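In: Pasting the sequence and the predicted coordinates here, then a few questions.
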Amino acid sequence: FQIPSEHQNYIFMFVFFHFANIYFEGINYFSLKEYLALNGQPAPVIEYTDIKKYTSIYLSDEKLTSLNGIEDLKNKKINRLYFHENILLDKSLDPEFNAKNSFSSFPKLEILKLSENDLTSISTNLLQNLKNLKELDLGKNAIKSLQSDAFHDLINLEFLNLNENQLQDLSENTFNGLTKLESLYLSNNNLQNLPTNIFYGLTNLKTLILTGNNIQTLPNTIFQRLINLSKLYLNNNNIQNLPSTIFHDLTNLELLNLNENRLQNLPENIFQGLDNLKYLNLGNNNIQNLTNHNTFQGLVNLLGLNLTQNNLKKLSENIFFPLNSLQVLILSKNNIENLPLNVFYNLTNLKALDLSKNHLKHLDKRIFERLTQLEKLDISSNNIENLPLDFFQNLFNLKNILIYNNPLTEKITEEEFRIKYNLPPDVNLSFK
């Protein structure tokens, strides 16, 4: 393959780079810059005989437009190929190149990085026979389509990155056979609908990222049998409704991100069975009421719950009762005017509570009296005019109070407030 003309006049001194790579990688490592330096002057063409001895080839950010001919290496030792940040247009992966099975000349290949090129499609032959491949990075291209069996031979693949492409539709068979896949990144594409069985068989999948698409609905069984999934990102989509049992098979899920969708309500028992869930982000949706006491049923180990910037107006008295392990609760930027007396009754492990930017006027001391582990309380930007004198009495571990932008703070100084409510000097108070 041709070295671009802009490299003809470069002089490279990469002695340290050469030894650093060998030291840290523990492999024979080829880079274009190193090649030019060690040969004394830039050369217009790389001689394949010069790089057959290496086990890793690094040709990143070299403005390469063609890989034709690389299959002639037939190097059975090479296990890493880095071609990211080039301009490998589709013509570089033309039918002639694909007919020769492209990268199949590297049967021991474990890592293949083709991100940040201008690829628009992935054909079947491109990745044929790469049975030892573990990591494949196709992110930040312009891929619009994938042949249904493009990944068919990648039986040992563990990591697949398709972030930031232009994918609109995926075949139900796209990921068939990837039984060892642990991480699948599909964020920032144009996906709208996903086939029901798109993830079927991915029983070792641990991380699934679908952030930043245009997904509106999800089939009820789409996550069925993903028993090892621990992180699921569905944020920044247009999901309006969720089937009531969609998450029930995800017994090992630890993080669920549904931030920035269009959810209006949550079905009863939707999180049932998610005993290992630790972080749930429901912020920036259109949820108006949380009145069903079974909404969060089953989340016995939840540590963080984000409900910021919804349209919440009403909370039922026992809505958070199942969340005894909860440590962080964010209810900011809603339309809450009143809090039920026992709404936080069972949150005895809560450490941070954010009620800022609501429409609260009165706060009964009894609402907070069981929050003995609370360290941070944010009630700023509300309509609070007064607080009971013993309001902070049971909040023994309170270290940070944010109370600014309330009518109360206009009537009294910070020093008067500290004295009136008997606040210790080590409590940080954001007052004005």
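Out: Now that the structure is in, tell me what you want to look at.

In: Name the SS class of the nearest residue to Lys432 once chain neighbours are set aside, please.
Out: Nearest residue to Lys432, sequence neighbours excluded (Cβ to Cβ, 6 or more residues apart in numbering): Tyr404, at 5.5 Å. Heads up, the C-betas are built off the backbone N, CA and C, glycines and all. Classification of Tyr404 using DSSP: H, G, I helix; E, B strand; the rest coil returns coil.

In: Tyr404 contacts Ile379, doesn't it?
Out: No: look at Tyr404 against Ile379 with Cβ atoms under 8 Å: they stay out of range, at 9.5 Å.

In: of those two, who's got more company?
Out: Set Tyr404 next to Ile379 and count neighbours by other Cβ atoms under 10 Å: Ile379 wins out with 24 against 17.

In: For Asn324, see how far away that one is.
Out: Remark: distance between Ile379 and Asn324 (Cβ to Cβ, to the nearest Å) = 23 Å.

In: What of Ser316?
Out: 17 Å.

In: follow-up on the earlier one: per-residue pLDDT, the residue nearest to Lys432?
Out: The per-residue pLDDT reported for Tyr404 equals 97.

In: all strands for the stretch 101-250 of the chain, in order.
Out: Along the stretch 101-250 of the chain, counting by DSSP state E, counting those that start in this stretch, strands occupy 111-113, 121-122, 135-137, 145-146, 159-161, 183-185, 207-209, 231-233.

In: I'd like to know which of the ones you listed is closest to Asn285.
Out: Of all the strands of the stretch 101-250 of the chain, strand 231-233 sits nearest to Asn285, with 15.0 Å by Cβ to Cβ.

In: what comes into contact with that closest one?
Out: Strand 231-233 is contacted by residues 187, 206-211, 223, 250, 253-257 when judged by Cβ atoms under 8 Å, 6 or more residues apart in numbering.

In: Output the contacting helices and strands for whichever helix or strand comes after it.
Out: Scanning forward in sequence from strand 231-233 by DSSP states H and E, the next helix or strand is strand 255-257. Contact analysis of strand 255-257 by 3 or more Cβ pairs under 8 Å, 6 or more residues apart in numbering; DSSP states H and E lists strand 231-233, strand 279-281 as its packing neighbours.

In: Which strands and helices lie in contact with the last one?
Out: The contact analysis (3+ Cβ pairs under 8 Å, 6+ apart) places strand 279-281 against strand 255-257, strand 304-306.

In: ok, how many other residues are close to Leu178?
Out: Leu178: 22 surrounding residues under other Cβ under 10 Å.

In: I'd guessed it sits against Leu154; true?
Out: Yes: assessed by Cβ under 8 Å, Leu178 is found in contact with Leu154 at 6.3 Å.

In: Low-confidence bits of the protein, can you list those?
Out: For the chain, the stretches flagged by pLDDT under 70 are 1-54, 61-76, 87-102.

In: residue ranges of the helices in it, please?
Out: Secondary structure of the chain, counting by DSSP state H: helices at 15-25, 32-38, 48-51, 95-99, 414-420.
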